[in-house]
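[1] Would you be able to build a 3D model of this:
(one chain, ligands or ions: 1)
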Amino acid sequence: MAKIAILGFGTVGSGVAEAITKNAEIIQNKLSEKIELKYILDIREFPNNPFSEKIIKDFSIIQNDPEIEVVVETIGGAKIAYEFTKKALLSGKHVVTSNKELVATHGEELLRIAREKNVNYFFEASVGGTIPILTPLESCLGANKIEEIYGILNGTTNYILTRMIKANLSFEDALKEAQALGYAEQDPTADIEGHDACRKICILADLAYGKNISPEKVQTEGISNITLDDVTIAEAGRYVIKLLGRVKMREDGKIFILVAPHLIKNDHPLAVVNDVFNGILVRGNICEEVMFYGKGAGKLPTASAVIADVIDAVRHREKRKDYGWSGSGDDMVADLSEMVYSMYYRISDRHSGDCKAISEIYDHKCLSLEGAPDGEYAFVTKPMSGKEHEEKAALLQKKFPILSRIRVLDDQRESV
Ligand code: HSE
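    I've put the predicted structure just below:
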């Protein structure tokens, strides 16, 4: 019998309690032993909840109970969760979490403590919700040099963009729906402004390259400036707009890493990843391209990944799994001014489609897109470096006020 405690009885924590009870027999058959949920830590009262007799308010009870082998941290954030995780690891308990903020910011230190105390620190649910991505990246794709990882890493923003595209909803109404469905973070700014996706692409990069990339090093842009006009124009040009997290290794071992909305062709596999689903593409030098797909947020889907880690921690209670990263990788991060890509522009243009003036700025004919409102014009440039984009944008802005600009993903045309 393995006894566990859950810290935080919110969406994910309550999902873990529910699912671990529901699938107790399946889990017992896998492990040849039972998992018993002994405590749930939360400062709130849950009077009519089936788990109410397990709720406690004092973390030291968990820390000092030698029966507790695995602590499930689903508090979120990097304050109390950090303190309790550290204490649990130092007390020789395995810790499992879905907390990407904590893993992305303090993962290196927590992994070091876990190593020193000979316990496991697992966080499969921190990226892609239910999707198995970290374990496959580490194990199944372990023979590869990882050249590139990119994908839709945030369920809330993907839900919002999908509802804008398919139901013509405003950004605000789509956000309200996502919050009601329990997808959004407590503070939705982390989703909308790309911070949540940034933490996830950092964790993927950390694991792929074995070094810690600080989230502050990652240029991060969210979706709050995306308008229904951009969505409509993109659709007319056979593109969809998706928020992507990307990390791409150059020949010299440096990496481009960023989070930003992108126009992607509607026949790209990520274009059909809709609603709260996430899709992640990994390109390795021998496996080529592998895609992972599933629900990126939500109570039970996320609990599925958390419980899998609990099972793994119990299986590796004697001989811990060596997993993670160490040391800083911040000097690997290359300047995005050197990255080559195409860019979509929507500009104010009284003569709708003054292609000659635009071609002069860009030294090439840009691809016009249909569907811009009267007095506006939309186009896509050819690929060029970030530095050239900035120079051209400054010239463009002098003649035609720029209303929006969004990167274009075209890995066929893009070169590093
Ligand atoms: N708020 C996150 C998302 C939850 O929407 O993807 C899962 O990490």
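
[2] pretty sure G253 contacts M332?
    Yes - if you go by C-beta atoms under 8 Å, G253 and M332 touch, sitting 6.8 Å apart. C-beta here means a position set from N, CA and C on the backbone, and glycine is covered the same way.

[3] In stretch 14-27, which of the residues would be classed as buried?
    Within stretch 14-27, the residues that qualify as buried are S14, G15, V16, A17, A19, I20, N23, I27, counting by 16 or more other C-beta atoms under 10 Å.

[4] Could you check which of G253 and M332 has the larger neighbour count?
    Set side by side, G253 and M332 show more neighbours around M332, with 19 against 10, by other C-beta atoms under 10 Å.

[5] how many neighbours does M249 have?
    For M249, the neighbour count with other C-beta under 10 Å is 23.

[6] Quickly note the distance from it to the ligand.
    From M249 across to the ligand, the span is 25 Å (C-beta to the nearest ligand atom, to the nearest Å).

[7] Could you verify my assumption that that residue touches I255?
    Yes - with contact defined as C-beta under 8 Å, M249 reaches I255; the gap is 5.2 Å.

[8] Can you check which residues contact both of the two?
    Common contacts of M249 and I255 (C-beta atoms under 8 Å, 6 or more residues apart in numbering): Y209.

[9] would you list every one of the strands in the stretch 251-400 of the chain?
    255-265, 277-284, 288-295, 340-348, 367-369, 376-380, 384-385 (DSSP state E, counting those that start in this stretch).

[10] If you could redo that for the stretch 1-150 of the chain, that was the one I meant.
    2-7, 35-41, 55-56, 68-73, 94-97, 121-122, 146-152.

[11] Can you give the contact residues for the third one?
    For strand 55-56, the surrounding residues in contact (C-beta under 8 Å, 6+ apart) are F9, Y39, I40, L41, D42, E45, F46, N49, I62.

[12] got a list of what the closest residue to the fifth one other than its chain neighbours touches?
    If you skip the residues right next to it in sequence, D42 has F9 as its closest partner in space, 4.1 Å away by C-beta to C-beta, 6 or more residues apart in numbering. Taking C-beta under 8 Å, 6+ apart as the contact definition, F9 lies against A17, I40, L41, D42, R44, F46, F51, I55.

[13] swap in K365?
    If you count contacts by C-beta under 8 Å, 6+ apart, K365 has them with C355, S359.

[14] mind redoing it with 10 Å?
    C355, K356, I358, S359, F379, K382 (C-beta atoms under 10 Å, 6 or more residues apart in numbering).

[15] wouldn't the third one be in contact with A393 here?
    No - distance between I358 and A393: 11.8 Å, which falls outside the contact criterion (C-beta atoms under 10 Å).
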